[in-house]
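Visitor: let's see this in three dimensions:
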Amino acid sequence: MGGPTINWKPGRIDCADDQKVPQNGRLPVATLNADHIREVFQVRLGFNDQETVALIGGGHSLGRTHAKYSGFNGKWTDNPIRFDNEMFAVLLNEVWTTTEVPETGRIQYMNEDRALMMLNTDIELLNDPEFVQWVRIYAQDQQKFFDDFALAFGKLLELGVNRDEDGVARNKV
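Guide: Numbering: from 1, shown residues only. Take a look at the predicted model:
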């Protein structure tokens, strides 16, 4: 699969009470805009623009969408089982047109040969002057993307974890 080495600390405790799970989730709504992306990643989660772009690109470098589950259909990259910076290059270099997913009526973007897709939130990375700077950097420099993704993902793994002075997780469940 490839990709960076992610540093993480053991000890996180899963929440057993679903009443403590926030109503507003930790993933952006795929059909919304850059302001919404920032609301989720920056206001709710505490990430900056650089970390936000790295996390979205990392998440979309692997796998695909399935209309049955998400309402969208397709893959972001030619090799959805390899973690790399291809998503950024594809996002910059392809021509994207809106397409309706027949099974769901959802709108997504497809490239010219209809082999790859993007969500509106992906296209918003191109339309936003701050986000697109990071898209361009990561499209050109895979190691920079790996380094930034590893740091941002490590930070993501620690969200909600309270550690004592010895680094031991002391979450209340």
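Visitor: now the strands: where do they sit in this protein?
Guide: Along the chain, counting by DSSP state E, strands occupy 64-65, 74-75, 97-100, 107-110, 117-118.
Visitor: pLDDT wise, what is residue 130 at?
Guide: The score at residue 130 is 98. That number is its pLDDT.
Visitor: surely it meets residue 49?
Guide: Yes - between residue 130 and residue 49 a contact is recorded at 4.7 Å, counting by C-beta atoms under 8 Å. The way it works is simple: take the backbone N, C-alpha and C, and place the C-beta from them, glycine included.
Visitor: quick one on the thing from earlier: point out the most buried one among the strands of the chain.
Guide: Neighbour counts (mean count of other C-beta atoms under 10 Å) averaged over each of the strands of the chain peak at strand 117-118, with a mean of 22.
Visitor: what comes into contact with the longest helix anywhere in the chain?
Guide: Ranked by number of residues, the top helix in the chain under DSSP state H is helix 142-157. Helix 142-157 has contacts (C-beta atoms under 8 Å, 6 or more residues apart in numbering) with 3-9, 12, 45-47, 50-51, 54-55, 57-58, 84-85, 88, 137-138.
Visitor: mean pLDDT and distance to residue 152 added to the strands of the chain, as TSV?
Guide: Listed next are those as TSV, based on pLDDT from 0 to 100; distance: least, C-beta to C-beta, whole Å:
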stretch	mean pLDDT	distance to residue 152
strand 64-65	96	22
strand 74-75	97	22
strand 97-100	97	29
strand 107-110	98	24
strand 117-118	98	20
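Visitor: nearest to residue 164, of the ones you listed?
Guide: strand 64-65 (40.4 Å; C-beta to C-beta).
Visitor: test of understanding: give the bridge partners of residue 100.
Guide: When bridges are called by DSSP bridges, residue 100 pairs up with residue 107.
Visitor: ok, it touching residue 106?
Guide: Yes - between residue 100 and residue 106 there is a contact under C-beta under 8 Å: 7.2 Å.
Visitor: burial count for residue 91?
Guide: Neighbour count of residue 91, defined by other C-beta atoms under 10 Å: 26.
Visitor: residue 136 versus that one, what's the distance?
Guide: 10 Å (C-beta to C-beta, to the nearest Å).
Visitor: ok, residue 15 - how many residues close by?
Guide: Neighbours around residue 15, by other C-beta under 10 Å: 12.
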